[in-house]
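Peer 1: Predicted structure and sequence below. I'll ask about it afterward.
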Amino acid sequence: NAGVTQTPKFRVLKTGQSMTLLCAQDMNHEYMYWYRQDPGMGLRLIHYSVGEGTTAKGEVPDGYNVSRLKKQNFLLGLESAAPSQTSVYFCASSPEEAKNIQYFGAGTRLSVL
Amino acid sequence: RKEVEQDPGPFNVPEGATVAFNCTYSNSASQSFFWYRQDCRKEPKLLMSVYSSGNEDGRFTAQLNRASQYISLLIRDSKLSDSATYLCVVRLSGGYNKLIFGAGTRLAVHP
């Protein structure tokens, strides 16, 4: 049972490059989320989705875009990477009937030089 | 001021010890409360929910004090495998199920 899968696991970018992080869940969950985690800070919500075709801004959305064309996938895009976006990115999902519980992917470690 | 505040630690304790972590939250509209566990370089995982009456899951006991906006986690008979970072998490009422994560308290259990 895969759960929530994130790709890639690691990536190094140069300032100004773009990339897309992919999150896939096989649990048929309605809700999906993208967080970033930085040292000394709690997880911060970047964007979220309450269902296929929907997206909304979280706490720190600037510099990121998302899409949820299929229920199982939630993509996070960085159009022009900046060193401030160096972080660990986590995707999570939760079912409608148990919204309080979020299931996380293993994370993507991104360094922007 | 952070919405959820935790002592970052680390708490260094010997095996078998009892250790307690505290957490305070600032938003009185907070509705639900949780402890998540995060192992080094891994993803967070739900450890337990926290109920107003207090609840226990094996060696773990969670307490909530709404009046003081305070949550605690007690671990009895610590094991080496308990070494991790413990995240205090609060859900706000309404909206889309927004969870607010504390920065975590690191626990290191040594032989």
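Peer 2: Right, received. Where do you want to start?

Peer 1: When you work out contacts or count neighbours from here on, use the C-alpha atoms and nothing else.
Peer 2: Fine.

Peer 1: residues touching residue 87, list them.
Peer 2: Picked chain A for this. Taking Cα atoms under 8 Å, 6 or more residues apart in numbering or on different chains as the contact definition, A:S87 lies against A:R36, A:Q37, A:D38, A:R109, A:L110, A:S111.

Peer 1: Actually, chain B is the one I wanted.
Peer 2: If a contact means Cα under 8 Å, 6+ apart, then B:L87 has B:W35, B:Y36, B:R37, B:Q38, B:F101, B:G102, B:A103, B:G104, B:T105 as its contacts.

Peer 1: so A:I46 touches A:G58, yeah?
Peer 2: Yes. The pair A:I46 / A:G58 is scored as a contact, 4.7 Å apart, by Cα atoms under 8 Å.

Peer 1: So for these two, which residue has more residues nearby?
Peer 2: More crowded of A:I46 and A:G58, by other Cα atoms under 10 Å in any protein chain shown: A:I46, with 24 against 17.

Peer 1: Check what pLDDT that one gets.
Peer 2: Note for A:I46: predicted pLDDT of 97.

Peer 1: Backbone dihedrals for it, both of them.
Peer 2: Torsion angles at A:I46 (phi, psi; degrees, to the nearest 10) stand at phi -90, psi -60.

Peer 1: Chain B versus that one, what's the distance?
Peer 2: A:I46 is 12 Å from chain B, where distance means Cα to the nearest Cα, to the nearest Å.

Peer 1: and the residue positioned nearest the centre of chain A, what helix or strand is that in?
Peer 2: Residue closest to the mean C-alpha point of chain A, counted by Cα atoms, centre = their mean, is A:W34 at 2.9 Å. A:W34 belongs to strand A:31-37 when assigned by DSSP states H and E.

Peer 1: in chain B, what residue is nearest chain A?
Peer 2: With Cα to the nearest Cα, the shortest gap between chain B and chain A falls at B:A103, namely 3.8 Å.

Peer 1: where's that residue, which helix or strand?
Peer 2: Short version, using DSSP H and E: B:A103 is in no helix or strand.

Peer 1: Can you give me the neighbour number for it?
Peer 2: Residue crowding around B:A103 was assessed by other Cα under 10 Å; the count is 25.

Peer 1: one step back: and for the closest residue to the residue nearest to the centre of chain A other than its chain neighbours, the neighbour number?
Peer 2: Distance criterion Cα to Cα, 6 or more residues apart in numbering or on different chains; nearest residue to A:W34, sequence neighbours excluded, is A:C91 at 4.6 Å. Neighbourhood size, A:C91 [other Cα under 10 Å]: 32.

Peer 1: Can you give the strand pairings for the helix or strand hosting A:C91, parallel or anti for each?
Peer 2: Using DSSP H and E, A:C91 sits within strand A:87-94. Strand A:87-94 sits in its sheet next to strand A:31-37 (antiparallel), strand A:103-104 (antiparallel), strand A:108-112 (antiparallel), going by DSSP bridges.

Peer 1: Need these in TSV (columns: mean pLDDT).
Peer 2: Shown next, in TSV, are these (pLDDT from 0 to 100):
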stretch	mean pLDDT
strand A:31-37	96
strand A:103-104	96
strand A:108-112	97
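
Peer 1: Do a quick rundown of the helices in the chain.
Peer 2: Unless you meant another one, I'm taking chain A. Counting by DSSP state H, chain A forms no helices at all.

Peer 1: Only alpha carbons, please: show the strand holding A:W34 as PDB.
Peer 2: Below are the C-alpha coordinates for strand A:31-37, written out as PDB (Å, rounded to 0.1, in the frame of the first residue of the first chain):
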ATOM      1  CA  TYR A  31      -8.100  16.800   0.500                       C
ATOM      2  CA  MET A  32      -4.500  17.300  -0.400                       C
ATOM      3  CA  TYR A  33      -1.900  19.800   0.900                       C
ATOM      4  CA  TRP A  34       1.600  21.100   0.300                       C
ATOM      5  CA  TYR A  35       3.800  22.200   3.200                       C
ATOM      6  CA  ARG A  36       7.300  23.400   3.600                       C
ATOM      7  CA  GLN A  37       9.400  22.700   6.700                       C
END
